[in-house]
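>>> predicted coordinates and the sequence they were generated for:
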Amino acid sequence: MVVITQARQLRLSPPPTTTISSTLYDPTSLSLALMHSDSSFSLYPSISPFSPPPLHSATTTVVSPPSSSATFLRLRSTDMSRVIFLVSSPNLVGSSILLRFYILRPDNQFARVRVICNQSDLSFDERKLGVLFRVNHGVSIKLAGSINVFAMYSVSNRKVWVFAVKLAGEGDNVKLMKTAVIDCDSPVFSISISIGFLMLGEENGVRVFPLRPLVKGRISKDRRRDANKKSDKSEVQKIKLLNGLTPETNGSTILYVNSAKVTGNSSKTINVNGNIEEKIGKHSDTSARLNCVKTRQNSKEGGVRFVAFNSSKVRLGSKKAISVHFLGHNKFLILDSDGELYLLSLSNPFSGSETICEMKKLTLTMKVQSLAVLPDDSTRAQTVWVSDGNYTIHAMVVSDMESPGNENDTKNNEETIQHSATEAIFTSEKIQEIIPLASNAILLLGQANIFAYAIS
């Protein structure tokens, strides 16, 4: 089979005026975010490196410094999908965290949006057009976004917060809800959030949190009780709300889910799929409130698992999980601080303590400094791009994604992956970052320029 490689230098209009330190890309909207040396961002919508340049380029949005972290976030509802660029910044010498939300409008421009917050430690600042989160910023913040949900880790506070975001009304307003807080006892070196899981990269492995309990609420075993009496059936109305939003009325909450119940501070009934049964009566309140789950990093409740690297040969604490990438089919690629890759396979992700986690080390011929892969559930053959951090990129097709049944299967799988490299690319500039454009294409940030590569 002949492999054809395309390579182009990305020429942006207007071109960046300061040094680029890092990049972010959203493959759904083709939006590119460039972080500059002064911690400002430039947002370029609809970047298509392998297509002819448009006659009229889209307007570039500049996000003013300072910025401590950023991520793309996708908002999905039953009839709409939008993209948000989220930036964190220190506020008032770090006494609080400023969260700025930029939504991609239908006219293909990013614009600031109003954010509705009802929780006591969150408020929208009209002057700064951002949300003030009343916790100390500290030395470092890490953001990770997914669909309707994002997570934020504070090194100084030693906490991870999980937030849900939804569109509010017909305009570009959004609603922000803090759904969970995780107290951390051990350092976190990376954070990743995907459909179904929150992953914390730690020393000698990763910690896996099923995402649903962090967004929907804490579940305790009990028989399901019918929340609606026969006389109340005419007063019940089902409302479709994503990410566990619980409308508030007088009294306390008991949320019944099949054979389980969720306890909190409101009085609505919510199903696992996000349907809320709201009683409409004279004492109802149209305001909304979300119950915030509180848990610990080392908790074993709700299916939380710590999955170690090959601990029999690795001294505890000698390796750190510095990068976690979702592949699809409940599979993840994990990069450690020694430049080695691991494949994490999860099965039965929502069965609590019965969740099966398996970590396998992949045999490679280089010490990996960065990797890029676009998640894809539609195929089991995926292209993974890895770089040594110097001038070389390897494209590997990972086709055998099944969990091995015994030691021999593990060895065979490692050999398959080792010999599945389809292309080696040598670059003219030292590689800073690689990010996925598509299943067969990447962007490469060099020392002074951005390049796009694709294979077919």
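It's in.

>>> bridged to Lys361, which residues?
Tyr342 (DSSP bridges).

>>> relative to Leu200, how far out is it?
20 Å (C-beta to C-beta, to the nearest Å). C-betas here are computed from N, CA, C, even on glycine.

>>> what's the answer for Asn118, then?
28 Å.

>>> more neighbours: the two, which one.
Shown here are Asn118 and Leu200; by other C-beta atoms under 10 Å, Leu200 has more neighbours (26 against 15).

>>> surely the more buried one is in contact with Val162?
No - counting by C-beta atoms under 8 Å, Leu200 does not reach Val162; the two are 11.7 Å apart.

>>> would you map the helices across the stretch 351-456 of the chain?
407-418 (DSSP state H, counting those that start in this stretch).

>>> low-confidence ranges, the stretch 301-450 of the chain, go.
311-317, 348-355, 399-422 (pLDDT under 70).

>>> where do the strands sit along it?
305-308, 321-328, 331-336, 341-347, 356-362, 370-372, 382-387, 392-398, 421-426, 433-438, 441-445, 450-455 (DSSP state E, counting those that start in this stretch).

>>> which residues touch the first one?
This means strand 305-308. By C-beta atoms under 8 Å, 6 or more residues apart in numbering, the residues outside strand 305-308 that reach it are 202, 204-208, 298, 314, 344, 355, 357-359.

>>> what sits against the residue lying closest to Leu104 once chain neighbours are set aside?
Spatial nearest neighbour of Leu104, excluding adjacent residues (C-beta to C-beta, 6 or more residues apart in numbering): Val83 at 4.4 Å. The neighbours of Val83, taking C-beta under 8 Å, 6+ apart as the test, are 26, 28-29, 31, 72-75, 103-104.

>>> now, which of those residues sits nearest Trp385?
Asp26 (17.6 Å; C-beta to C-beta).

>>> thinking that closest one is in contact with Thr71, fair?
No - the criterion here is C-beta under 8 Å, and Asp26 misses it with Thr71 at 9.5 Å.

>>> joint contacts of these two?
Contacts common to Asp26 and Thr71, judged by C-beta under 8 Å, 6+ apart, are Phe85.

>>> before we move on, back to that, for the residue nearest to Leu104, give the beta-bridge partners.
With DSSP bridges as the rule, Val83 is bridged to Arg74.

>>> cool, Asp125 as well?
Here Asp125, judged by DSSP bridges, has bridge partners Gly130.

>>> for it, give me its contacts.
With C-beta under 8 Å, 6+ apart, Asp125 has these contacts: 98, 131-132.

>>> domain ranges for the chain, per the record?
1-21+364-456, 220-290 (automatic domain parsing).

>>> give me the neighbour count for Ser13.
So Ser13, with other C-beta under 10 Å, has 11 neighbours.

>>> whoops, I mixed them up, Val131
For Val131, using other C-beta under 10 Å, the count is 24.

>>> what's the closest non-adjacent residue to it?
According to C-beta to C-beta, 6+ apart, the nearest residue to Val131 is Leu99 (4.3 Å).

>>> shouldn't Ile434 be in contact with Asp388?
No - counting by C-beta under 8 Å, Ile434 sits too far from Asp388 to count as a contact (11.0 Å).

>>> lowest-confidence entry in the contacts of Val83?
Across these, the smallest pLDDT goes to Thr28, namely 90.

>>> who's in contact with it?
By C-beta under 8 Å, 6+ apart, the neighbours of Thr28 are 74, 81, 83.

>>> could I get those in JSON lines, plus columns for distance to Asn330?
Shown next, in JSON lines, are these (distance: C-beta to C-beta, whole Å):
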{"residue": "Arg74", "distance to Asn330": "20"}
{"residue": "Ser81", "distance to Asn330": "23"}
{"residue": "Val83", "distance to Asn330": "25"}
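
>>> nearest to Ile191, of the residues you listed?
For those, the nearest to Ile191 is Arg74 (17.3 Å; C-beta to C-beta).

>>> let me see the contact set for that closest one.
So Arg74 contacts 26, 28, 81-84, 145-148 (C-beta under 8 Å, 6+ apart).

>>> could you export those to TSV, including columns for distance to Ala424?
Below are those laid out as TSV (distance: C-beta to C-beta, whole Å):
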residue	distance to Ala424
Asp26	28
Thr28	29
Ser81	37
Arg82	39
Val83	34
Ile84	37
Gly145	32
Ser146	32
Ile147	34
Asn148	39
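
>>> who has more neighbours out of Ile434 and Asp388?
Ile434 (25 against 17).

>>> against Leu132, how distant is that one?
35 Å.

>>> one more: Val398?
43 Å.

>>> and Ala321, by the same measure?
Ala321 is 32 Å from Leu132, by C-beta to C-beta.

>>> which one's more surrounded, those two?
Under the criterion of other C-beta under 10 Å, the comparison of Ala321 against Leu132 puts Ala321 first, with 26 against 19.

>>> can you spell out which residues form a bridge with that one?
Residues in beta-bridge contact with Ala321 (DSSP bridges): Asp336.

>>> touching, it and Glu202? I think so.
Yes - taking C-beta under 8 Å as the definition, Ala321 is a contact partner of Glu202 at 6.1 Å.

>>> find residues that contact each of these two.
With C-beta under 8 Å, 6+ apart, Ala321 and Glu202 have common neighbours Phe189.
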